[in-house]
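Colleague: Structure for the following, please:
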Amino acid sequence: AVVALLRQPEYCSENTGSYQVVSELASQFDFTDVDGRRAPSIRSLQYLVPNFLLTDAKIADMPAWQRGLARRFRDEWTPDYL
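Modeller: Numbering: from 1, shown residues only. Got it, this is the predicted structure:
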């Protein structure tokens, strides 16, 4: 991330002092983690659904007929590394 940003001095000067989401920078500047993957943005549903909206505790409180659907939906949206 740092190397990619250092290659873009105009981007750095325009965004100094602001918060940056590394996964969004990875998409913008085309870099990945050491294992070749790119995590979803913390602002994306792919991150929010499994971590906040459909947690195991919330699914357990759902009616039985909704639990399976909720788990399948969550699991389809969840990358393997989250």
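Colleague: Beyond whatever helix or strand Leu5 lives in, next helix or strand please.
Modeller: For Leu5, the host element (DSSP states H and E) is helix 2-6. Once the chain leaves helix 2-6, the next helix or strand it forms, by DSSP H and E, is helix 9-15.
Colleague: Contacts for that following helix, please.
Modeller: Contacts of helix 9-15 with the rest of the structure, by C-beta atoms under 8 Å, 6 or more residues apart in numbering, involve Leu5, Leu6. (Each C-beta comes from the backbone N, C-alpha and C, glycine too.)
Colleague: what about the closest residue to Pro50 other than its chain neighbours, how many neighbours?
Modeller: Nearest residue to Pro50 in three dimensions, chain neighbours excluded: Thr78, at 4.1 Å (C-beta to C-beta, 6 or more residues apart in numbering). Neighbour count of Thr78, defined by other C-beta atoms under 10 Å: 16.
Colleague: what's the answer for Ser41, then?
Modeller: By other C-beta under 10 Å, the residues close to Ser41 number 17.
Colleague: elements contacting the helix holding Leu5?
Modeller: helix 9-15, helix 22-29 (3 or more C-beta pairs under 8 Å, 6 or more residues apart in numbering; DSSP states H and E).
Colleague: my read: the residue nearest to Pro50 touches Leu45, true?
Modeller: No. Taking contacts as C-beta atoms under 8 Å, Thr78 lies outside contact range of Leu45: 10.6 Å.
Colleague: related to what we said a few turns ago, out of the helices and strands packed on helix 2-6, flag the one nearest Val49.
Modeller: Comparison of these against Val49 by C-beta to C-beta identifies helix 22-29 as nearest, at 15.4 Å.
Colleague: any idea how far Ala26 lies from Phe73?
Modeller: 26 Å (C-beta to C-beta, to the nearest Å).
Colleague: That's all I had, so thanks and see you.
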